[in-house]
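>>> with the input below, show me the fold.
(one chain, ligands or ions: 1)
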Amino acid sequence: MASINYDERIPNNVNLSSDKRLKKALEKWQPRFLDWWNVVGPQVFSNNEVYLRTAVSVDRDGWAHFGHVKMPEYRWGIFLADPEQGRVIPAGDDAGKPVWQEVPGEYRNTLKRLIVTQADTEPASVEQQRWLAQTAPSLYDARNLFQVNVEEGRHLWAMVYLLQAYFGKDGREEADMLLERCSGDEDKPRILDAFNQPCSDWLTFFCFTTFTDRDGKYQLAALAESAFDPLSRTCRFMLTEEAHHLFVGQKGIERVLRRSVQLSRQDPNGDARAQGGIDLDTIQKYVNYWFAYSLDLFGSEISTNAADFFASGLKGRYQEAKKYTEHTALNQLKTISMIENDALTEKEIPLRNAMNELLREEYAEDCYRVIKAWNRALKKEKSDFQIKLPHTRFFRRQGIYSDHHFDLEGNMISAEEFEANQHKWLPSLADREYVISLMKPVHEPGKCANWIAAPNRGINGNSFEFEYVRH
Ligand code: BYC
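Got it, this is the predicted structure:
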């Protein structure tokens, strides 16, 4: 199995020292990355020792080396999954032909745009979360946040490697621009909407890591089916890291739900807020908001871009090689609910044009599994409350539903009706202010904020009381 060479200035398993030009370009980018990290990366505990996991090799078990490190000294590097011998193009017009080790001229711009869009999300999320540790509900949570942050930083490295190694001068310029755009910046915002939303509280962070990072999982899985083999190998390794981010989100919300039930039980009026907790209705509103925002990240339901990505083999379907036997998706149709004359009607469209929607459906099913797990946890706490996922048409700002209004069940409603109900369905300013008012730091080992239950176990066999951040 390919181990990672940590003796080099940039740890890597791509034999970087054999390519002097690329090595020089990446070594030039490295101090810029560190400047960026220092200015818009984690601003709290930024020079403390944090108990972090670092990859040591790219095989299934080899990537988890744990130890206390200061974040700016984290060994970010370039790690690709091992090549699959004889791999062929999984999908599209050229399915079955050998994969590409270089970028074909005709796809250069499209592929570069896809890689830049993916890459742009990685530093964006670090920027969004840079102040969160200031109000961490425990050191365990601060540590998990930092683990997510350093790995998003490494995902940026992975994408920058592809840009610099395969796209020449253009790629180097794009790599620089990735450090210039900034989440929420008026003049130079990040590319996709969800990555310009503020992340000022931990309920948002847990929703973001549940729903938005999960979009990352599905987009990376689609890119892992790419004909461009270096992209596929890069995404395959990134996916192994992504699993922990999803765990942080899912378990985080589960702990808030459990605590909410416990606190409402302690209150004579069954009011979790009166006991300093977050009521279940508010949690549901955050779920509605972040599920909808994350659905937008899949692009329009009907997309010629997506059809072209699929036809040319740049992106595949989720688990294309495993789940499908027919890989061209030609002469097949998909039924989509469209809006005509202000009413929903079912229309059949060519399957290739519905690739974004197919991926979104896989994603939504995965989200349902998470909701079920949360509802099991609620039942265990003896609560009858059930968290629900809103309909995929609800509160969309991208795609074919974005010009209309829908209720939580996906029924079309008037703008007035939406307006009248929106604070029942989505967090109001008062809800947000209330949640933010609870965000008080608990930075003592083994202590946990009142509004969230402590986790059942710690990280890597350690207890919750372990000193995850030394300060
Ligand atoms: N916001 O045909 P359309 C992650 C643009 S998350 C703003 O509908 P297409 C992570 C679109 O770019 C995963 N703009 O969509 C998670 C296009 O613009 P142009 C990120 C949007 O092209 C947490 C136009 O609208 N990975 O990894 O079929 C933490 C019409 O496009 C949005 C990727 O995104 C939006 N939400 O598909 C850290 C994968 N949606 O070209 C990390 C790479 C669409 O007309 N990207 N637009 O100027 C892609 O595969 C595709 O670009 C998209 C859009 C799926 C995003």
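
>>> can you list the buried residues in stretch 239-252?
Leu239, Thr240, Glu241, Glu242, His244, His245, Leu246, Val248, Gly249, Gln250, Lys251, Gly252 (16 or more other Cβ atoms under 10 Å). Glycine gets a C-beta too; all of them are placed from N, C-alpha and C.

>>> alpha carbons of stretch 295-305, as CSV, please.
Coordinates of the C-alpha atoms in stretch 295-305 are reproduced here as CSV (Å, rounded to 0.1, in the frame of the first residue of the first chain):
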residue,chain,number,x,y,z
LEU,A,295,-30.3,20.4,-2.2
ASP,A,296,-29.5,23.5,-4.2
LEU,A,297,-25.8,22.4,-4.5
PHE,A,298,-26.8,19.7,-6.9
GLY,A,299,-27.7,22.2,-9.6
SER,A,300,-30.8,22.3,-11.7
GLU,A,301,-33.1,19.2,-12.1
ILE,A,302,-32.7,19.5,-15.8
SER,A,303,-29.2,20.4,-16.9
THR,A,304,-27.5,20.2,-20.2
ASN,A,305,-24.2,20.9,-18.3
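
>>> and that stretch, what's its mean pLDDT?
Stretch 295-305 shows a mean pLDDT of 97.

>>> what's next to that stretch, contact-wise?
By Cβ atoms under 8 Å, 6 or more residues apart in numbering, the residues outside stretch 295-305 that reach it are 192-194, 212, 215, 218-219, 306, 336, 349, 353-357, 359-360, 363-364, 392, 396-401.

>>> now, of those, which are buried?
Buried among the contacts of stretch 295-305 by 16+ other Cβ under 10 Å: 192, 194, 212, 215, 218-219, 306, 336, 349, 353-357, 359-360, 363-364, 392, 396, 398-401.

>>> what parts of the chain come near the ligand?
Listed as neighbours of the ligand in the chain under the rule Cβ under 6 Å from any ligand atom: 114, 117-118, 121-122, 125, 152, 192-193, 212-213, 215-216, 219, 296-300, 303, 305-306, 356, 398.

>>> same for the helix of greatest length in the chain, what does it pack against?
In the chain, with assignment by DSSP state H, the single longest helix is helix 229-266. Secondary-structure packing of helix 229-266 (3 or more Cβ pairs under 8 Å, 6 or more residues apart in numbering; DSSP states H and E): helix 139-166, helix 202-207, helix 213-224, helix 280-295, helix 355-380.

>>> what are the boundaries of the helices in the stretch 301-450 of the chain?
304-311, 320-323, 355-380, 415-425, 429-438 (DSSP state H, counting those that start in this stretch).

>>> in stretch 46-53, what counts as buried?
Applying a neighbour-count criterion of 16+ other Cβ under 10 Å, one finds Ser46, Asn48, Glu49, Val50, Tyr51, Leu52, Arg53 buried in stretch 46-53.

>>> what does stretch 26-37 contact?
9-10, 16, 71-72, 76, 78, 123, 126, 153, 156-157, 160-161, 164, 172, 175-176, 179.

>>> how about a cut-off of 10 Å?
When contacts are defined by Cβ atoms under 10 Å, 6 or more residues apart in numbering, stretch 26-37 is touched by residues 8-10, 12, 16, 19, 41, 46, 71-74, 76-78, 123, 126-127, 130, 149-150, 153, 156-157, 160-161, 163-165, 172, 175-176, 178-180, 182.

>>> in stretch 442-460, which residues are buried?
Buried residues in stretch 442-460, counting neighbours by 16+ other Cβ under 10 Å, are found at Val442, His443, Pro445, Cys448, Ala449, Trp451, Ile452, Ala453, Ala454, Pro455, Gly458, Ile459.

>>> out of these, who's nearest the ligand?
Checking the buried residues of stretch 442-460 against the ligand with Cβ to the nearest ligand atom, the nearest one is Ile459 at 19.9 Å.

>>> can you pull the contacts of the closest one?
Tyr51, Leu52, Arg53, Phe66, Tyr140, Arg143, Asn144, Gln147, His244, Phe466, Tyr468.

>>> mind checking the SS state of it?
Ile459 carries the three-state label coil when classified by DSSP: H, G, I helix; E, B strand; the rest coil.

>>> what distance separates stretch 152-171 from the centre of its chain?
19 Å (Cα atoms, centre = their mean, to the nearest Å).

>>> again with stretch 179-192
Relative to its chain's centre, stretch 179-192 lies at 17 Å (Cα atoms, centre = their mean).

>>> what mean pLDDT does it have?
On average, stretch 179-192 scores 97.

>>> what number of residues lie near the closest residue to Tyr74 other than its chain neighbours?
In this structure, Tyr74 finds its nearest non-sequential neighbour in Val150, 4.8 Å apart by Cβ to Cβ, 6 or more residues apart in numbering. The local packing of Val150 (other Cβ atoms under 10 Å) involves 24 other residues.

>>> could you do Lys97 as well?
Neighbouring residues of Lys97 were enumerated by other Cβ under 10 Å; the total is 12.

>>> next: Gly86.
7.

>>> wait, isn't it in contact with Pro98?
Yes: taking Cβ atoms under 10 Å as the contact criterion, Gly86 and Pro98 are neighbours in contact, 8.1 Å apart.

>>> for the ligand, what is the nearest residue in the stretch 101-250 of the chain?
For the stretch 101-250 of the chain, Cβ to the nearest ligand atom, closest residue to the ligand: Gly216, 2.9 Å.

>>> list the residues that contact the nearest residue to that residue once chain neighbours are set aside.
In space, and not counting its chain neighbours, Gly216 is closest to Glu242: 5.9 Å by Cβ to Cβ, 6+ apart. Shown in contact with Glu242 (Cβ under 10 Å, 6+ apart): Val148, Glu151, Glu152, His155, Thr209, Asp213, Arg214, Gly216, Lys217, Leu220, Ala221, Cys235.

>>> correct me if wrong: the residue nearest to Tyr74 contacts Ser46.
No: with contacts counted by Cβ under 10 Å, Val150 stays clear of Ser46, the gap being 11.9 Å.

>>> which neighbours do those two have in common?
Contact criterion Cβ under 10 Å, 6+ apart; residues shared by Val150 and Ser46: Trp37, Met71.

>>> packing partners for the worst-scoring helix or strand of the chain on mean pLDDT?
None of the helices or strands of the chain scores lower by mean pLDDT, DSSP states H and E than helix 320-323, at a mean of 91. When contacts are defined as 3 or more Cβ pairs under 10 Å, 6 or more residues apart in numbering; DSSP states H and E, helix 320-323 sits against helix 213-224.
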